[in-house]
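Asks: Let's see this in three dimensions:
(4 chains)
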Number of protein chains: 2
Amino acid sequence: MSPHPPLTDDLGFLLSRASGVVARSASKALAPLGLRVRSYSVLALVVEHRGIAQRRLAALVGLDPSQIVALVDELQDRGLVVRAADPQDRRNKLVTATEDGVRLHGEARDRVAERSDRHFAGFPAERTRELREALQHIAFPAEEG
Amino acid sequence: MSPHPPLTDDLGFLLSRASGVVARSASKALAPLGLRVRSYSVLALVVEHRGIAQRRLAALVGLDPSQIVALVDELQDRGLVVRAADPQDRRNKLVTATEDGVRLHGEARDRVAERSDRHFAGFPAERTRELREALQHIAFPAEEG
DNA sequence: CATCTATCGTGGAGAAGTTCAATCGTTGAG
DNA sequence: CTCAACGATTGAACTTCTCCACGATAGATG
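Replies: Below is the predicted model:
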């Protein structure tokens, strides 16, 4: 009948809607720790990649570099991460997590995972894996390594 | 080795990242028509559901009702939609698309679809369908009808 | 009928997030 | 040495988000 599918079948719309739902959930899980979704993402990346440059952080999170400055500032003020000049290229500031940073990240990760699981409950493992691959394909089009 | 998966495997993070990529793309596709992603979504829903209440719009798009007011205001000022009091319950304002609104939505839909397809290119139809179902499950947890 | 409560649309305030241009120090090429 | 390019940083303008409160309407309760 209708030659065009409804908005609720549009992948872009669904992506935005689903992202909002999960982000709101994560936000509540992180609030008691004084973290927001953005700062949590940055902290997580810093914990994973010791001594990561801010430019790289920006590229990974998909934010403007200027936003990373404020986020790292905040994390640094709380003693969760540390900035250090890159000896090889002093334009770069390498960010590293402190012990407190690693610890808080661990707690945050657990809290987020707990809430997050509710959204994906009922998904068979195979399906979750496929979803993850599809999203990675969309989120990182150039397959940057 | 590492007992915990990296952030780039986290579905919440990927959802946010992928959503941003596609939204930015859609935003560029819509700019020439004077629409943004939000107003396009609202317009699309109004075209699909003739005489939809603003509260329902808010629930569908996942926004605060107060934001819908501004969006509908804008669309109404441009003559794309019309507000009318619900005879059955005069608290409701039923929103309907005008002819111009339907026409612009058609063009917008085509433009968005064209760009959107690039992101999902290389996906077999079966996989796209599964992705859509998974996202709907997450985006509309209560399976609201 | 009178009252009480809940809902809808609306407006407003403050926080948070986005986008963009400009600046400063650093690097590498010519 | 000179110059173009790059990373971090700042600031400004703008948009979006999150709440809260208000007036109008509806529905339930006494």
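Asks: Show me the strands in chain A, by range?
Replies: A:52-53, A:81-85, A:93-97 (DSSP state E).
Asks: Contacts for the first one next, please.
Replies: Put plainly, it is strand A:52-53. A:45, A:46, A:86, A:92, A:93, A:94, A:95 (CB atoms under 8 Å, 6 or more residues apart in numbering or on different chains). In this view, the C-beta of every residue, glycine as well, is placed from N, C-alpha and C.
Asks: Contacts only, for residue A:35.
Replies: A:43, A:104, A:108.
Asks: if you set the cut-off to 7 Å instead, what comes out?
Replies: residue A:108 (CB atoms under 7 Å, 6 or more residues apart in numbering or on different chains).
Asks: Tell me the residues of chain A that contact chain B?
Replies: Chain A has residues A:4, A:6-9, A:11-23, A:26, A:41, A:44-45, A:48, A:62, A:109, A:112, A:116, A:119-120, A:123, A:127, A:130-132, A:134-136, A:138-139 near chain B, with proximity defined as CB under 7 Å from any CB of the partner chain.
Asks: Show the buried residues in these.
Replies: A:7-8, A:11-23, A:26, A:41, A:44-45, A:48, A:62, A:109, A:112, A:116, A:119-120, A:123, A:127, A:130-132, A:134-136, A:138-139 (16 or more other CB atoms under 10 Å in any protein chain shown).
Asks: The residues you listed in helices, which ones?
Replies: Here DSSP state H is the test, and those give A:11-23, A:26, A:41, A:44-45, A:48, A:109, A:112, A:116, A:119-120, A:127, A:130-132, A:134-136, A:138-139 as lying in helices.
Asks: Now the phi/psi pair for the closest residue to residue A:109 other than its chain neighbours, please.
Replies: If you skip the residues right next to it in sequence, residue A:109 has residue B:4 as its closest partner in space, 6.5 Å away by CB to CB, 6 or more residues apart in numbering or on different chains. Here is the backbone geometry of residue B:4 (degrees, to the nearest 10): phi -120, psi 140.
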